[in-house]
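[1] structure here, sequence nowhere to be found:
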Ligand SMILES: [Zn+2]
């Protein structure tokens with residue numbers, strides 16, 4: 001069942017809400033995910049509400065410049081991104097959501113390093 005979660009960066013400048021059923025998290029081995037150590041969960045755009053202006057975030061792109069990695073310009077935390085393999089969805093870092101026991105969520109391994 002879907003629940004609404006509130007999320008934020010560390011300093012609170014970036015705030016958002018997601019509606020999600022956190023039945024798994026994705027752990028990816030691509031060059032950026034393995035460095036970040038995020039626990040990812042994808043949600044469609046209608047399940048993601050940004051409470052901060054997107055223009056107030058910093059943006060990092062690389063390689064094909066399709067994935068959009070947004071991060072807080074003040075504290076550097078990256079609460080969400082647009083993934084390359086499905087740029088219409090939001091990939092949320094479950095570690096940035098309030099009240100989630102993320103150690104209890106089953107991990108789905110993703111092998112992003114194998115994508116060209
Ligand atoms: Zn911040």
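    Perfect, thanks for sending it. As the structure is a prediction and not an experimental result, all values here were calculated from the model.
[2] going forward, measure contacts and count neighbours with C-alpha atoms only.
    OK.
[3] the ion contacts on this structure?
    Proximity of the chain to the ion (CA under 5 Å from the ion) is limited to residues 9, 10, 11, 13, 72, 74, 75.
[4] out of those, which end up buried?
    9, 10, 13, 72 (16 or more other CA atoms under 10 Å).
[5] need phi/psi at the residue nearest to the first one when sequence neighbours are not counted.
    Taking CA to CA, 6 or more residues apart in numbering, and ignoring the residues beside it in sequence, residue 9 has residue 77 as its nearest neighbour in space, at 5.5 Å. Backbone torsions of residue 77, given as degrees, to the nearest 10, read phi -80, psi 140.
[6] I'd assumed residue 26 was in contact with residue 34.
    No: counting by CA atoms under 8 Å, residue 34 sits too far from residue 26 to count as a contact (11.5 Å).
[7] related to what we said a few turns ago, pLDDT and secondary structure added to the buried ones among the residues of the chain next to the ion, as TSV?
    TSV is the format used below for those (pLDDT from 0 to 100; DSSP: H, G, I helix; E, B strand; the rest coil):
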residue	pLDDT	secondary structure
9	97	coil
10	98	coil
13	96	coil
72	98	coil
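[8] which one of those is nearest residue 39?
    Closest to residue 39 out of these is residue 9 (14.3 Å), distances taken as CA to CA.
[9] helix, strand, or coil at the closest residue to residue 113 other than its chain neighbours?
    Here the nearest residue to residue 113 in space, its sequence neighbours aside, is residue 30; by CA to CA, 6+ apart that works out to 4.1 Å. Classification of residue 30 using DSSP: H, G, I helix; E, B strand; the rest coil returns coil.
[10] which residues touch residue 78?
    Applying CA atoms under 8 Å, 6 or more residues apart in numbering to residue 78 gives the contacts 9, 69, 70, 71, 72, 93.
[11] same check on residue 20?
    Applying CA under 8 Å, 6+ apart, we find residue 20 in contact with 1, 2, 3, 4, 5, 43, 47.
[12] of those residues, which belong to helices?
    Judged by DSSP state H, helices contain none of the contacts of residue 20.
[13] where does the protein dip in pLDDT?
    Residues of the chain meeting the criterion pLDDT under 70: 116.
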